[in-house]
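In: Next input, structure requested:
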Amino acid sequence: MKKYNFSAGPSTLPEEVIQQASQAVLDFNNKGISLIEISHRSKDFIAIMDEARALAKKLMKLDDNHEVLYLQGGASLQFSMVPYNLLKSKAAYVDSGNFASMAIKEAEKIGKIEIIASSKQDKYTYIPKDYAVPSDADYLHITSNNTVYGTEIKTFPNTNIPIVCDMSSDILSRNINYNKFAILYAGAQKNLGPAGVTMVVVDKTLLGTTGRNLPSYLDYEVHLAKDSMANTPPVFAVYTTLLNLRWLDKQGGPEGIEKKNKEKAELLYNEIDRNPLFRGICVKEDRSLMNVCFFLNDEEKHKAIFDQMCKDANIVGVGGYRTVGGYRASIYNAMPLEGVQVLVNVMKELEKTHN
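Out: Presented below is the predicted three-dimensional model:
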């Protein structure tokens with residue numbers, strides 16, 4: 001029986017991607033050998049890596065200054081790699097959620113960090129806006145989508161300071177100017193592919209200015225020079241991410257998938273606002289297209305019932321983050337409208353039978 005996986009990550013992937021990746025593990029391109037057995041130095045895998053980088057550049061419409069890397073260590077390693085490679089005197093950070101806060105803590109170990117805006121005092125229920133970016137900052141770090149709280153930046157800052165963005169949970173979900181960013185990074189397991197690889201987009205013209213003698217793995221220039229293969233890359237994760245990028249290209253790229261994502265989000269948010277048994281968590285203007293967070297108004301009365309109804313409808317992964325509670329439906333690119341409709345139908349049924 002088909003399950004609808006609303007988990008925040010590792011998350012749902014298109015069925016055709018799962019099938020293609022599974023077949024490649026058994027027998028890659030009818031070569032009589034598994035994908036996970038081939039050498040990362042072989043022509044077969046070099047072709048995979050080259051296409052994965054080129055297709056990402058195409059989908060994001062990146063200029064010649066920007067290059068795509070596939071690294072390991074998740075977004076968590078990028079919390080350190082960014083300041084190691086860019087921070088000289090001071091960096092500006094916006095604290096908009098759990099992972100933004102983690103990025104700040106790691107950067108503070110490396111140099112001077114100024115938190116120029118925060119919504120922490122209001123439990124991260126909105127995106128900070130109308131803040132001033134210091135003219136002497138080496139870069140501005142923002143988090144485009146806050147997975148835990150369900151908020152998303154709709155309009156990016158207009159500044160001459162280089163912008164670094166953690167896009168782990170909304171990369172390639174909408175049509176934006178990706179050339180706007182000095183560095184953007186995203187753990188694949190939320191909206192790109194399986195866990196184990198991180199996509200990093202780097203403006204190579206901004207590198208090599210800190211004067212630091214960096215450990216090789218922490219140096220973006222080393223990875224650029226080696227085409228993302230300074231060490232053995234995560235072969236399966238890169239290949240499956242490539243399959244997912246091909247699928248996204250067939251959906252019309254960011255422009256095409258954005259229309260579908262808006263339709264899914266509108267369907268679910270309209271039910272949350274309409275149904276007297278539920279309420280949203282964050283301010284409406286900052287609601288995420290990817291992570292829809294909500295509460296039951298009477299958990300004592302309805303939680304056990306609603307949870308069982310979701311289970312019976314083959315809905316999984318809708319529990320809220322452990323520090324927030326409630327519910328979180330992650331409706332990433334691969335979540336079909338059908339899955340969102342099933343969840344909405346359960347919410348309607350709860351209202352009808354247990355109000």
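In: can you give me the strands in the stretch 1-150 of the chain?
Out: Residue ranges of the strands in the stretch 1-150 of the chain, as given by DSSP state E, counting those that start in this stretch, are 4-5, 66-71, 91-95, 113-118, 140-143, 145-146.
In: what lines up beside the last one in the sheet?
Out: Translated: strand 145-146. strand 151-152 (antiparallel) (DSSP bridges).
In: so what does the next helix or strand after the partner strand touch, helix or strand wise?
Out: As assigned by DSSP states H and E, the chain's next helix or strand after strand 151-152 is strand 163-166. Packing partners of strand 163-166 (3 or more C-beta pairs under 8 Å, 6 or more residues apart in numbering; DSSP states H and E): helix 74-86, helix 98-108, strand 140-143, strand 183-187. Every C-beta, even on glycine, is put in place using the N, C-alpha and C of the backbone.
In: so which of those comes closest to residue 54?
Out: Closest of the helices and strands packed on strand 163-166 to residue 54 is strand 183-187, at 17.2 Å (criterion: C-beta to C-beta).
In: now for that closest one, which elements pack on it?
Out: Secondary-structure packing of strand 183-187 (3+ C-beta pairs under 8 Å, 6+ apart): helix 74-86, strand 163-166, strand 198-203.
In: And whichever helix or strand comes after that strand, what does it pack against?
Out: The helix or strand immediately downstream of strand 183-187 is helix 188-191, counting by DSSP H and E. Helix 188-191 sits against no helix or strand, with contacts defined as 3+ C-beta pairs under 8 Å, 6+ apart.
In: Name the residues that touch helix 188-191?
Out: Helix 188-191 is contacted from outside by 8-11, 147, 168-173, 194-199, 237, 241, 290, 330, 332-333, using C-beta atoms under 8 Å, 6 or more residues apart in numbering.
In: can you give me the offset of that helix from its chain's centre?
Out: 6 Å (C-alpha atoms, centre = their mean, to the nearest Å).
In: Just the CA atoms from it would do, formatted as CSV, please.
Out: Taking Å, rounded to 0.1, in the frame of the first residue of the first chain, the C-alpha atoms of helix 188-191 are listed here in CSV:
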residue,chain,number,x,y,z
ALA,A,188,20.3,16.7,-0.4
GLN,A,189,18.0,14.8,1.9
LYS,A,190,15.2,17.3,2.0
ASN,A,191,14.5,18.3,-1.5
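In: What average pLDDT does it get?
Out: Per-residue pLDDT over helix 188-191 has a mean of 94.
In: likewise stretch 338-349?
Out: For stretch 338-349, the mean per-residue pLDDT is 98.
In: Return the set of buried residues in that stretch.
Out: Buried positions in stretch 338-349, judged by neighbour count with 16 or more other C-beta atoms under 10 Å: 339-340, 342-344, 346-347.
In: The spatially closest residue to residue 212 that is not a sequence neighbour: what's it in contact with?
Out: The shortest distance from residue 212 to any non-neighbouring residue, by C-beta to C-beta, 6 or more residues apart in numbering, is to residue 84 (6.4 Å). Listed by C-beta under 8 Å, 6+ apart, the contact set of residue 84 reads 110, 210, 212, 214, 218-219.
In: would JSON lines of those with pLDDT and secondary structure be doable?
Out: Below are those laid out as JSON lines (pLDDT from 0 to 100; DSSP: H, G, I helix; E, B strand; the rest coil):
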{"residue": "110", "pLDDT": "97", "secondary structure": "coil"}
{"residue": "210", "pLDDT": "96", "secondary structure": "coil"}
{"residue": "212", "pLDDT": "95", "secondary structure": "coil"}
{"residue": "214", "pLDDT": "96", "secondary structure": "coil"}
{"residue": "218", "pLDDT": "97", "secondary structure": "helix"}
{"residue": "219", "pLDDT": "98", "secondary structure": "coil"}
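In: For the closest residue to residue 7 other than its chain neighbours, the count of nearby residues, please.
Out: Leaving out its chain neighbours, the residue that sits closest to residue 7 by C-beta to C-beta, 6+ apart is residue 317, at 3.1 Å. For residue 317, the count of nearby residues is 18 (other C-beta atoms under 10 Å).
In: Can you verify my assumption that residue 317 contacts residue 10?
Out: No: look at residue 317 against residue 10 with C-beta atoms under 8 Å: they stay out of range, at 9.6 Å.
In: picking up where we left off before, counting only helices, which of the buried residues of stretch 338-349 make the cut?
Out: Using DSSP state H, 339-340, 342-344, 346-347 are the members of the buried residues of stretch 338-349 that sit in helices.
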